[in-house]
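> model the structure of this input:
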Amino acid sequence: MYKRLSLAYLFLLSVLVVFIVSPVHSETNEVKIIFRESAGQYYTTALYKTVIGDLKKIGVEVSKYNASASLPPLENLSQYDVLVIPNPGTDFQENELALIKQYLDSGGNLIIMGDIQYDDRHYGKPDYLNNLLDYIGISNKVSFWGTNDNGDEIKDNVNNLGRSWQVLVTSKQFKPHIISVGITKVAVNSPSLVVSDPDIIVATSPSTSYAEDTQGNIHASGEIPWLVAIETEGGKVVICGGSKIFSDALIYGTGQSYISYGDNERLFFNIIWWLTGVRVRAPLVAKVFIPILDIFGIIAGIVAAHVYKLRSRDILIFSVIGGIIFALIAVLQVILFGETVIGVSWPGWGYVSAGISGEIVVEAWQVAGMRYFLAGIIIVLVGAFIYWLVMKLDEYLKLGIRERLERRAS
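Presented below is the predicted three-dimensional model:
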């Protein structure tokens, strides 16, 4: 009987992993982007694999340089339309500041991003970033709040994605701008920006938000700027408070990365559009998630409970088999399609499209496998419990369900 039920599960597996994958739309865009990296920098290109991969799919050339190793000569840097500067790990040296200013003055474009600070973890580097803004001549318009010792983080207890620091920003907080085109909602984790020129603001946090420093003090509340766009005499500059917003870092409790949430990736592509004048478009991906595995798991648990006559040992063994098969289904989907398309309906568990980044990196397929193994075991046991409950009711109310089932089985 084990064999028959296992074969039934494997048949389910073979059916679920056969999907039709639509071809990715591709076009050529004569845009070149270069990322800056340095020693101690957390948000390197390793955390921007999704957005970089999607840029390359549409013909955008993406490169990088390591400021701690060597700087590219101006003639090489000037070949790139956009220089992306995620939150730095160390301060900018004088020769690099001069290089970036020369690049901007000669028509280059910048995306400058910071990071948050809280408790004793001072991730953001306002001093370093403000040194850069001052050197290129725009610190009179915008700066990052605080210092390297006491930065801040925008939080919202009402409009968030399960955590106060995972702020949900909708189109209401975006001002009319090319960067805002088509944006309906984005997930934001960002420090605050101090803006003296309101005309450069592209987006703020909701009116229910507040900015909290590392000591737990709230120094600002309401609509707090986190995204601005500035035109200089040379090129253009976009300043985004949080480097995490466009990264593969996970939004806690959702199973999604920041870049894959809502319109986060579209926002990055819109920024490139405004900076370069070339409307680059992210590959269209229809995100379809059908939570129906719960049904199959519960049915399997009911069948197993009936076949094994509620023997707990046999049902437990079968539930582990169910967990393994659920895990295989999830892992294969992530490997083939980059996400789970058919899965379980548990909020924050069923849909998986990203791994977990940190000191230990867990790949998306590993996240899916672990979650679905546990989910499969529990769902099969739920099915067995339902069967047990029905049998108890049958025994108490004398409905004759067990007798009819046994007659049909014979």
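> sec struct for I34, please.
Secondary structure, DSSP: H, G, I helix; E, B strand; the rest coil: I34 is strand.
> could you give me the buried positions within the longest helix seen in the chain?
Secondary structure of the chain per DSSP state H: the longest helix is helix 364-397. By neighbour count with 16 or more other C-beta atoms under 10 Å, helix 364-397 contains the buried residues 364-365, 367-369, 371-373, 375-384, 387-388, 390-391, 394. Where you see a C-beta, it was placed from the backbone N, CA and C, and this is true even at glycine.
> again, but for stretch 327-345
For stretch 327-345, by 16+ other C-beta under 10 Å, it's 327-334, 338-345.
> strands along the stretch 101-250 of the chain, start to end?
Listed in chain order, the strands of the stretch 101-250 of the chain (DSSP state E, counting those that start in this stretch) span residues 109-114, 142-144, 152-156, 167-170, 185-188, 193-195, 201-204, 209-213, 218-221, 225-231, 236-242, 250-251.
> contacting residues for C240?
I111, I112, M113, G114, S190, W226, L227, F246, I271 (C-beta atoms under 8 Å, 6 or more residues apart in numbering).
> cutoff 10 Å now
84, 86, 111-114, 188, 190, 193, 202-203, 226-229, 246, 267-268, 271 (C-beta atoms under 10 Å, 6 or more residues apart in numbering).
> quick check: chain neighbours aside, which residue is closest to Y210?
Nearest non-adjacent residue to Y210, counting by C-beta to C-beta, 6 or more residues apart in numbering: S221, 4.1 Å away.
> A helix includes A300, no?
Yes - assessed with three-state DSSP, A300 lies in a helix.
> so it makes contact with G376?
Yes - with contacts counted by C-beta atoms under 10 Å, A300 reaches G376, the gap being 9.0 Å.
> any residues in contact with both of these two?
In contact with both A300 and G376: Y9, S319, I321, G322, I325, F326, using C-beta under 10 Å, 6+ apart.
> confidence score at the closest residue to the second one other than its chain neighbours?
With C-beta to C-beta, 6+ apart as the criterion, S319 has its nearest non-adjacent residue at 4.1 Å, and that residue is V380. What the model reports as pLDDT for V380 is 94.
> where are the low-confidence patches of the stretch 301-410 of the chain?
338, 354-361, 402, 405-410 (pLDDT under 70).
> kindly recompute the last result at 90.
305-310, 312, 333-341, 345-367, 387-388, 390-410 (pLDDT under 90).
> would you mind listing the buried residues in stretch 217-230?
A220, S221, E223, I224, P225, W226, L227, V228, A229, I230.
> got it, and stretch 47-56?
L47, Y48, T50, V51, I52, D54, L55.
> next one: stretch 132-143
L132, L133, Y135, I136, I138, S139, K141, V142, S143.
> could I get these as TSV with pLDDT and distance to T208?
Converted to TSV, the buried residues of stretch 132-143 look like this (pLDDT from 0 to 100; distance: C-beta to C-beta, whole Å):
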residue	pLDDT	distance to T208
L132	98	31
L133	98	28
Y135	98	36
I136	98	34
I138	98	29
S139	97	29
K141	97	26
V142	98	23
S143	98	24
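> hmm, back to that, how much space between the residue nearest to Y210 and S207?
9 Å (C-beta to C-beta, to the nearest Å).
> common neighbours of the two, please.
D156.
> out of the helices and strands in the protein, which is least certain?
helix 2-16 (a mean of 48; mean pLDDT, DSSP states H and E).
> so what pairs up with the residue most central in space within the chain in the strands?
Centroid-nearest residue in the chain: S257, 1.3 Å away (criterion: C-alpha atoms, centre = their mean). Judged by DSSP bridges, the bridge partners of S257 are L250.
> just checking, it touches A187?
Yes - because the distance of 9.3 Å satisfies C-beta under 10 Å, S257 is recorded as touching A187.
> overlap in contacts of these two?
Joint contacts of S257 and A187 (C-beta under 10 Å, 6+ apart) are K244, I251, N264.
> by neighbour count, which of those residues wins?
Ranked by neighbour count (other C-beta atoms under 10 Å), the shared contacts of S257 and A187 have K244 at the top, with 32 neighbours.
> contacting residues for it?
Contacts for K244 (C-beta under 10 Å, 6+ apart) come out as 42-43, 47, 86-87, 113-116, 123, 165-166, 187-190, 250-251, 257-259, 264, 357.
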